[in-house]
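Trainee: Please find the sequence and the predicted model below.
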Amino acid sequence: MKHLKVTIGSATAFLIIFLLSLHLNVDEAIPMLLFCFSPFVMIWMTINILKDGQPSKKKFSDGHFYEDYDHKTGRFLPPSED
C-alpha cells in the first residue's frame, strides 16, 4: 500500500505543478508540455492502482455503497491505516 501512496502522491504533485504553471508567469510551452504528458501520468497511476490495490471485502449486494461511509449510522468512517 505504501507504493500506492507514492504513485498517487506523484500524480497529485504533477497536477499541482501543472496548475501552478498555468497561473504563474512561465513560458507557454511548459503547461502545454505538461498537458501532453498528463494522460501518461493518469494511465500510469491507474495501472498501478489496479495492479497493486486491494479490493474491498464489502459487497455492493450487501448494501455497502461506499468504503468510507456507514449507511446504518449515517456517518463517515475514519481513514484506515494500512
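Mentor: Great, that's in hand. Source: prediction; values computed, not measured.

Trainee: Any stretches of this protein with poor pLDDT?
Mentor: 1, 63-64, 71, 80-82 (pLDDT under 70).

Trainee: ranges for the helices of the protein?
Mentor: Ranges of helices within the chain are 2-23, 29-52, based on DSSP state H.

Trainee: OK, contacts around Arg75?
Mentor: Arg75 sits next to Tyr69 when contact means C-beta atoms under 8 Å, 6 or more residues apart in numbering. All C-beta atoms are positioned from the backbone trio N, CA, C, and that covers glycine.

Trainee: picking that back up, mean neighbour count and distance to Lys59 for the helices of the chain - can I get that in a markdown table?
Mentor: A markdown table is the format used below for those (neighbours: other C-beta atoms under 10 Å; distance: least, C-beta to C-beta, whole Å):
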| stretch | mean neighbour count | distance to Lys59 |
| --- | --- | --- |
| helix 2-23 | 13 | 22 |
| helix 29-52 | 13 | 19 |
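
Trainee: closest one to Phe76 among those helices?
Mentor: helix 2-23 (19.7 Å; C-beta to C-beta).

Trainee: For that closest one, list the C-alpha coordinates in CSV.
Mentor: Extracted in CSV, the C-alpha atoms of helix 2-23 (Å, rounded to 0.1, in the frame of the first residue of the first chain):
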residue,chain,number,x,y,z
LYS,A,2,3.0,2.3,0.6
HIS,A,3,3.8,2.0,-3.1
LEU,A,4,0.4,3.3,-4.0
LYS,A,5,0.8,6.4,-1.8
VAL,A,6,4.0,7.3,-3.7
THR,A,7,2.1,6.8,-7.0
ILE,A,8,-0.9,8.9,-6.0
GLY,A,9,1.4,11.5,-4.4
SER,A,10,3.5,11.8,-7.6
ALA,A,11,0.4,12.1,-9.8
THR,A,12,-1.0,14.8,-7.5
ALA,A,13,2.3,16.7,-7.4
PHE,A,14,2.3,16.6,-11.3
LEU,A,15,-1.3,18.1,-11.2
ILE,A,16,-0.3,20.8,-8.8
ILE,A,17,2.8,21.7,-10.9
PHE,A,18,0.6,21.8,-14.0
LEU,A,19,-2.0,24.1,-12.3
LEU,A,20,0.7,26.4,-10.9
SER,A,21,2.4,26.7,-14.3
LEU,A,22,-0.9,27.9,-15.7
HIS,A,23,-1.2,30.7,-13.1
